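**Q** Show me how the following folds:
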Amino acid sequence: MTEVVIVEDAEVAGRLAADMIEHLVRRNPCAVLGLATGSTPLTTYRSLAQRDLDFSRVRAFALDEYVGLEPGHPQSYRAVIDREVVATLGLDPAMVRVPGDDGVLDAALDGPLEAALEAAADRYERAIETAGGIDLQILGIGANGHIGFNEPGSSLASPTRVKALTRQTREDNARFFASVDEVPRHCITQGLGTILRARHLVLLAFGDRKADAVAAAIEGAVSSSTPGSVVQLHPRVTAIVDEAAASRLRFADYYREAWASKP
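**A** Sure thing, here's the model as predicted:
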């Protein structure tokens with residue numbers, strides 16, 4: 001069963017997730033992290049930045065990247081990772097990978113480029129394997145249940161690949177752009193099968209808007225209709241959610257009791 005930790009707010013959640021990462025890095029200075037973007041993990045990264053930790057030997061892989069943004073676009077996930085994680089925590093930029101680092105993502109998906117993107121996705125999958133796999137993967141969850149950019153209907157065994165984004169996901173991400181029309185329609189994302197190969201999944205969710213997705217992912221049926229439900233197939237998952245995101249969990253009282261009595 002997923003370990004569910006219900007906390008008062010995103011700041012407390014960030015500190016708790018940072019505790020787990022700190023424990024990992026102190027035990028293994030060459031750990032491999034899986035990095036999420038967006039607003040959800042920011043409290044985790046801020047909490048880590050306040051600690052006396054050496055990230056210089058840590059390797060990291062981002063969950064996903066847009067297709068179609070010009071190089072250096074401030075909302076590319078390469079730029080976000082560099083700004084919010086690499087610069088903040090002192091990671092070695094050469095040891096932080098984002099899908100499409102080889103320069104194939106700055107054009108629209110069309111014809112021969114599609115094959116190039118698929119090859120880039122395959123290379124990314126192999127790079128994770130070559131690094132020995134991801135030790136701890138940070139995850140958020142979309143209102144429609146997606147993790148990474150694995151939209152509803154994604155195969156539960158999918159590898160890193162090119163995906164089309166739903167209208168809802170593009171509207172959700174439009175707050176980072178001038179309008180929804182500027183949000184790319186495609187991405188490269190780690191697949192659900194890729195995510196399942198990480199050794200520890202830490203899922204973060206905040207706010208009432210995520211409550212239905214959290215309940216479906218943790219307590220609903222395992223289904224490609226709710227991509228986040230794939231976490232139920234993983235042997236080590238920690239879901240850290242605030243009270244609002246936990247509001248539709250049927251077994252919330254049990255989760256609170258289990259956490260409070262944990263040795």
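**Q** Okay, buried residues for stretch 237-249 please.
**A** Val237, Thr238, Ala239, Ile240, Val241, Asp242, Ala244, Ala245, Ala246, Ser247, Arg248, Leu249 (16 or more other Cβ atoms under 10 Å). Where you see a C-beta, it was placed from the backbone N, CA and C, and this is true even at glycine.
**Q** what's the answer for stretch 204-218, then?
**A** Residues of stretch 204-218 classed as buried by neighbour count (16+ other Cβ under 10 Å): 204-207, 210-218.
**Q** from those residues, which ones fall inside helices?
**A** Mapping the buried residues of stretch 204-218 onto helices (DSSP state H) picks out Ala211, Asp212, Ala213, Val214, Ala215, Ala216, Ala217, Ile218.
**Q** how about a markdown table for those, with pLDDT and distance to Ser224 added?
**A** Formatted as a markdown table, those follow (pLDDT from 0 to 100; distance: Cβ to Cβ, whole Å):
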| residue | pLDDT | distance to Ser224 |
| --- | --- | --- |
| Ala211 | 98 | 21 |
| Asp212 | 98 | 17 |
| Ala213 | 98 | 14 |
| Val214 | 98 | 18 |
| Ala215 | 98 | 17 |
| Ala216 | 98 | 12 |
| Ala217 | 98 | 12 |
| Ile218 | 98 | 16 |
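**Q** Report the mean confidence score over stretch 132-143.
**A** Here stretch 132-143 scores 97 as its mean pLDDT.
**Q** what's the answer for stretch 37-57, then?
**A** 96.
**Q** chain center to that stretch: distance?
**A** Once both centres are worked out by Cα atoms, centre = their mean, to the nearest Å, stretch 37-57 turns out to sit 14 Å from its chain's centre.
**Q** then it to CSV, C-alphas only?
**A** Output of stretch 37-57 as CSV, limited to C-alpha atoms (Å, rounded to 0.1, in the frame of the first residue of the first chain):
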residue,chain,number,x,y,z
THR,A,37,8.9,20.8,-12.5
GLY,A,38,5.9,23.0,-12.0
SER,A,39,4.9,24.7,-8.7
THR,A,40,4.3,21.5,-6.7
PRO,A,41,7.9,20.6,-5.9
LEU,A,42,9.2,24.1,-5.3
THR,A,43,8.8,23.9,-1.5
THR,A,44,10.9,20.8,-1.6
TYR,A,45,13.7,22.4,-3.5
ARG,A,46,13.6,25.5,-1.3
SER,A,47,13.8,23.4,1.8
LEU,A,48,16.8,21.4,0.4
ALA,A,49,18.6,24.7,-0.4
GLN,A,50,18.5,25.6,3.3
ARG,A,51,20.5,22.5,4.3
ASP,A,52,24.2,21.8,4.3
LEU,A,53,24.2,19.2,1.6
ASP,A,54,26.7,18.5,-1.2
PHE,A,55,24.9,17.8,-4.4
SER,A,56,28.0,18.0,-6.6
ARG,A,57,28.1,14.3,-7.4
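**Q** what does that stretch contact?
**A** For stretch 37-57, contacts defined as Cβ atoms under 8 Å, 6 or more residues apart in numbering pick out 10-11, 13-15, 17-18, 21-22, 25-26, 29-30, 35, 62-64, 77, 80-81, 84-85, 88-92, 95, 138, 140, 173, 204-206.
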